[in-house]
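*Asks:* Got a predicted structure here, sequence first:
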Amino acid sequence: MTEKTEADRRRLLFVVVIASFTTPLMIAPVAVGVPAMAGALHVSTVTATWIMTIFFVASAVFVLPFGRLADVIGRRRVFASGLALCVLTSSLAAFADSVLLLLVARSLQGIAAAMLYSTTNALVAAGFPPARRGAAIGINVTAIYLGLTAGPLVGGWVIEQFGWQSVFLCPVPLALVSLLLSMVWLTDDEHSTASTRFDYAGGVLFGIAIIALLVGFSWLPGAQGWGLVALGLAVAAVFVLVETRQPAPVLEVSLFLHNRTFLYSCSSAFLSYASMFTVTYLVSLYLQSVTGTGASRSGLILMIQPLMMTLLSPVAGRLSDRVEPRTIASIGMAVMFVGFVVLSGLELSSSLLRCGIGVGLIGVGFALFSSPNINAIMGSVERRQFSVATATVAVTRLVGQSFGMGLITVVFALALGPLALSSVPVARLNAAIGSCFLVAGAMCAAGMFASLARGPRAGTD
């Protein structure tokens with residue numbers, strides 16, 4: 001492997017950061033336009049939610065197989081292919097004139113996102129030495145949060161100016177720039193030559209398990225939801241057994257069995273994403289349905305979280321190069337726990353300042369957790385496993401987010417029963433929201449202990 005120069009590293013990071021900023025533009029702006037899409041295409045609210053859901057399902061199904069493929073044929077190839085597919089599928093979605101064509105385009109967009117999810121951090125980890133890896137990962141993570149923060153604002157403006165179809169074109173210009181620069185600046189990286197065989201059986205089993213789990217979580221607490229979750233867990237167990245016997249598996253189970261840092265880092269990541277993903281929904285529900293706060297003011301309060309994550313992620317990443325990553329990540333989980341405790345105590349008469357403090361603490365905590373945790377994961381595996389490790393983190397994020405939303409759906413069902421939201425007494429709704437915040441806080445506490453249990457840094461570079 002040829003050692004990269006400083007100029008090479010800067011160019012690589014620049015290309016990857018553009019791609020990482022682009023990926024949320026396939027998600028956040030679209031979410032703003034879903035109501036308009038439902039009206040224009042004359043579909044139900046349930047069908048309209050699949051415009052978002054099918055993207056996440058496709059991403060989760062394909063991210064791990066693409067991680068394995070990237071480690072076999074080279075990360076740059078999969079990365080560039082993902083950018084090209086992003087341009088094509090985003091353009092297809094913009095010209096969709098039926099909900100069926102739009103859902104097909106969105107599923108293909110999800111596949112493009114999976115190709116990027118599985119390679120961005122892997123490219124950064126491979127391009128930077130261990131002593132500087134955390135800082136680079138922190139910058140890359142910041143780009144993602146910037147995209148998530150800017151996405152709704154960009155989406156709203158584009159829809160008002162040009163209509164809902166145009167929102168799908170938001171990622172196209174930057175994806176094209178990143179694609180062209182990757183072809184000029186990035187070189188073919190080293191890749192595994194141990195086996196070029198692809199584990200098709202593992203890929204199919206993984207896809208079935210992920211689809212069953214994600215759809216099952218979204219259908220909880222209904223009987224069909226529990227049935228799909230049970231099916232997903234059963235297929236996942238079969239998947240693990242199959243992977244232990246594969247010479248070139250989609251998922252190297254040994255990473256979990258023999259790598260303590262990897263196991264507990266992924267476990268804490270799962271719990272952090274499961275808890276953090278509930279914030280937007282729960283806080284929005286509290287502000288608008290309990291206190292009667294307007295949507296615009298609620299949006300401003302919710303922006304505190306991604307703002308804190310954007311500001312602190314590069315600092316946390318750089319700090320994790322100097323201080324034990326598990327220490328910073330564990331402190332981050334503890335801060336998230338405090339934030340959820342603050343939110344759990346909100347009452348009908350609580351000030352917006354208290355709500356903003358709770359949201360801000362969760363943003364600070366997640367920023368302290370995320371970059372150091374990724375740095376710890378990438379530092380615990382061999383270079384040939386970087387893409388699979390990156391893809392595994394993406395899977396834990398996607399499944400964790402769905403699990404978190406499914407869990408609070410169950411809490412709401414137990415606390416409120418079958419009552420429609422409009423008919424629930426405000427005090428009872430507030431108590432149920434507080435219970436959900438406590439459940440999310442409990443996941444943060446468990447994540448903190450998992451983070452501490454990973455042990456000290458043990459790099460493999």
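*Replies:* Looks like it arrived, so ask away. All values reported here derive from a predicted model rather than from experimental measurement. Numbers count the residues shown, from 1 in each chain.
*Asks:* any idea how far Pro418 lies from Thr409?
*Replies:* Noted for Pro418: a distance of 13 Å to Thr409, by C-beta to C-beta, to the nearest Å. C-beta: built from backbone N, CA, C; applies to glycine.
*Asks:* and these two? which has more neighbours close in?
*Replies:* When Pro418 and Thr409 are compared on other C-beta atoms under 10 Å, the one with more neighbours turns out to be Thr409, at 20 against 5.
*Asks:* Grab the nearest non-local neighbour of that one.
*Replies:* Leu220 (5.1 Å; C-beta to C-beta, 6 or more residues apart in numbering).
*Asks:* ok, now which ones touch Leu319?
*Replies:* Taking C-beta atoms under 8 Å, 6 or more residues apart in numbering as the definition of contact, the neighbours of Leu319 are Gly134, Ile328, Pro372.
*Asks:* Equivalent analysis for Asn140, please.
*Replies:* Taking C-beta under 8 Å, 6+ apart as the definition of contact, the neighbours of Asn140 are Leu13, Val16, Val17, Ser20, Thr120, Asn121, Val124.
*Asks:* need those residues in CSV with secondary structure, neighbour count and pLDDT, can you?
*Replies:* Supplementary listing: the contacts of Asn140 in CSV, determined by DSSP: H, G, I helix; E, B strand; the rest coil; neighbours: other C-beta atoms under 10 Å; pLDDT from 0 to 100:
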residue, secondary structure, neighbour count, pLDDT
Leu13, helix, 21, 95
Val16, helix, 27, 96
Val17, helix, 21, 96
Ser20, helix, 25, 95
Thr120, helix, 27, 93
Asn121, helix, 29, 89
Val124, helix, 26, 92
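*Asks:* Would you map the helices across the stretch 151-300 of the chain?
*Replies:* Counting by DSSP state H, counting those that start in this stretch, residue ranges of the helices within the stretch 151-300 of the chain are 172-185, 200-219, 223-243, 254-258, 260-276, 279-285, 295-302.
*Asks:* now for the second one, which elements pack on it?
*Replies:* I take that to be helix 200-219. Here helix 200-219 touches helix 45-73, helix 223-243, helix 386-416, going by 3 or more C-beta pairs under 8 Å, 6 or more residues apart in numbering; DSSP states H and E.
*Asks:* buried set for it?
*Replies:* Using 16 or more other C-beta atoms under 10 Å as the test for burial, helix 200-219 gives 201-219.
*Asks:* Toward the C-terminus, what is the element adjacent to the helix or strand of the chain with the lowest mean pLDDT?
*Replies:* Taking all helices and strands of the chain together, the one with the lowest average confidence (mean pLDDT, DSSP states H and E) is helix 295-302, at a mean of 79. Counting by DSSP states H and E, the next helix or strand C-terminal to helix 295-302 is helix 304-319.
*Asks:* mind saving the C-alpha coords of that next one as PDB?
*Replies:* This file holds the C-alpha atoms of helix 304-319, laid out as PDB (Å, rounded to 0.1, in the frame of the first residue of the first chain):
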ATOM      1  CA  ILE A 304     -30.900  22.800  19.300                       C
ATOM      2  CA  GLN A 305     -30.000  19.100  19.200                       C
ATOM      3  CA  PRO A 306     -28.500  18.900  15.700                       C
ATOM      4  CA  LEU A 307     -26.800  22.300  16.300                       C
ATOM      5  CA  MET A 308     -25.000  20.900  19.400                       C
ATOM      6  CA  MET A 309     -24.100  17.800  17.500                       C
ATOM      7  CA  THR A 310     -22.700  19.800  14.600                       C
ATOM      8  CA  LEU A 311     -20.600  22.100  16.800                       C
ATOM      9  CA  LEU A 312     -19.200  19.400  19.100                       C
ATOM     10  CA  SER A 313     -18.700  16.400  16.900                       C
ATOM     11  CA  PRO A 314     -15.300  17.500  15.400                       C
ATOM     12  CA  VAL A 315     -14.100  18.500  18.900                       C
ATOM     13  CA  ALA A 316     -15.100  15.100  20.300                       C
ATOM     14  CA  GLY A 317     -13.500  13.300  17.400                       C
ATOM     15  CA  ARG A 318     -10.200  15.100  17.800                       C
ATOM     16  CA  LEU A 319     -10.300  14.600  21.600                       C
END
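*Asks:* coming back round to it: the contacts of Leu319 in helices, which ones?
*Replies:* Among the contacts of Leu319, the residues falling in helices (DSSP state H) are Gly134, Ile328, Pro372.
*Asks:* can you redo those as a markdown table with distance to Leu353, neighbour count and pLDDT?
*Replies:* Supplementary listing: the ones in helices among the contacts of Leu319 in a markdown table, determined by distance: C-beta to C-beta, whole Å; neighbours: other C-beta atoms under 10 Å; pLDDT from 0 to 100:
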| residue | distance to Leu353 | neighbour count | pLDDT |
| --- | --- | --- | --- |
| Gly134 | 33 | 28 | 89 |
| Ile328 | 27 | 24 | 95 |
| Pro372 | 29 | 32 | 94 |
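*Asks:* Of those, just say which sits nearest to Ser254.
*Replies:* Nearest to Ser254 out of those is Pro372 (C-beta to C-beta; 23.9 Å).
*Asks:* surely that closest one meets Ser330?
*Replies:* No - proximity of Pro372 to Ser330 does not meet the contact threshold set by C-beta atoms under 8 Å, at 9.2 Å.
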